[in-house]
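S.K.: Fold the stuff below for me.
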Amino acid sequence: MNPLPSALNPPHSRPWYREPWPWFLISLPAAAVIAGLVTVWIAYRSADGLVVGDYYKAGLAINQTLERDEMARRLDLSASLKLSDTNLQLELAGRLEQMPSSLKVHLAHPTRQGADQVVDLAHAGDGHYRGALSSALSDGKWLIQLENPESSWRLNGVLHTPMTEAAVLRFAGATE
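M.R.: Reported below is the predicted structural model:
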């Protein structure tokens, strides 16, 4: 018996899993699935909270906010804030008949709501106030809002940590 010519008898083929092309084609969707899982993990680990949770109420309160800025402008208020470790020192200046017995400072991180702090400052005489942070501030930019206990006026400013000079707080629209 004559064996078939080699052209009609295909060479011994390898199983599919030994070929490179199926693995290449499988690797493309597999890489997309892995990238998607990594993205979900990153989003979960670094979830940013909302700065303002109730936008409707915040919109309704805008007139009260403007009135507070206007009151600070009429009183010509300004403040200088210094930070050493976790101790805050503030000097308030303006045309106040009587200095408030306490002030409230809101320190807000622009992107990390969980790092925000509220500090009560006690009057130490002659327009000076002192208070302590609950924890040290991380390096970076912080938004500051200072208000009296009645919330009738407010001052705003920006603090850059680590601090090299005092942060100046002014009413909205003030120029330096």
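S.K.: okay, CA-based contacts and neighbour counts for the rest of this
M.R.: Noted.
S.K.: helices and strands of this protein: which one has the lowest mean pLDDT?
M.R.: When each helix and strand of the chain is scored by mean pLDDT, DSSP states H and E, helix 55-60 comes last, with a mean of 66.
S.K.: how far is the helix or strand just after that one from where the chain is centred?
M.R.: The helix or strand immediately downstream of helix 55-60 is helix 62-74, counting by DSSP states H and E. For helix 62-74, the distance between its averaged C-alpha position and the chain's averaged C-alpha position is 25 Å (Cα atoms, centre = their mean, to the nearest Å).
S.K.: cool, stretch 139-148 as well?
M.R.: 12 Å.
S.K.: With stretch 110-120 instead?
M.R.: Here stretch 110-120 is found 8 Å from its chain centre; the criterion is Cα atoms, centre = their mean.
S.K.: isn't P162 right up against W142?
M.R.: No - if you go by Cα atoms under 8 Å, P162 and W142 don't touch, sitting 10.7 Å apart.
S.K.: Neighbour count: these two, which is higher?
M.R.: Shown here are P162 and W142; by other Cα atoms under 10 Å, W142 has more neighbours (21 against 14).
S.K.: what's the spacing between that one and L107?
M.R.: Computed as Cα to Cα, to the nearest Å, the W142 to L107 distance reads 6 Å.
S.K.: Now for the two: what residues contact both?
M.R.: With contacts defined as Cα atoms under 8 Å, 6 or more residues apart in numbering, no residue is adjacent to both W142 and L107.
S.K.: Break the chain down into its structural domains.
M.R.: Listed domain ranges for the chain are 16-45, 66-170 (source: automatic domain parsing).
S.K.: Dump these to CSV, plus mean pLDDT.
M.R.: Formatted as CSV, the domains of the chain follow (pLDDT from 0 to 100):
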stretch, mean pLDDT
domain 16-45, 94
domain 66-170, 90
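S.K.: now, of the ones you listed, which is deepest in the fold?
M.R.: The highest mean neighbour count among the domains of the chain, using mean count of other Cα atoms under 10 Å, belongs to domain 66-170: a mean of 17.
S.K.: got the end-to-end distance for that one?
M.R.: Terminal residues of domain 66-170 are spaced 14 Å apart (Cα to Cα).
S.K.: And stretch 118-134, by the same measure?
M.R.: Stretch 118-134: ends 9 Å apart by Cα to Cα.
S.K.: And the contacts of that stretch?
M.R.: Under the contact criterion Cα under 8 Å, 6+ apart, stretch 118-134 has outside partners 86-93, 99-107, 117.
S.K.: what do you get if the cut-off is 6 Å, keeping everything else the same?
M.R.: Stretch 118-134 is contacted by residues 86-92, 101-106 when judged by Cα atoms under 6 Å, 6 or more residues apart in numbering.
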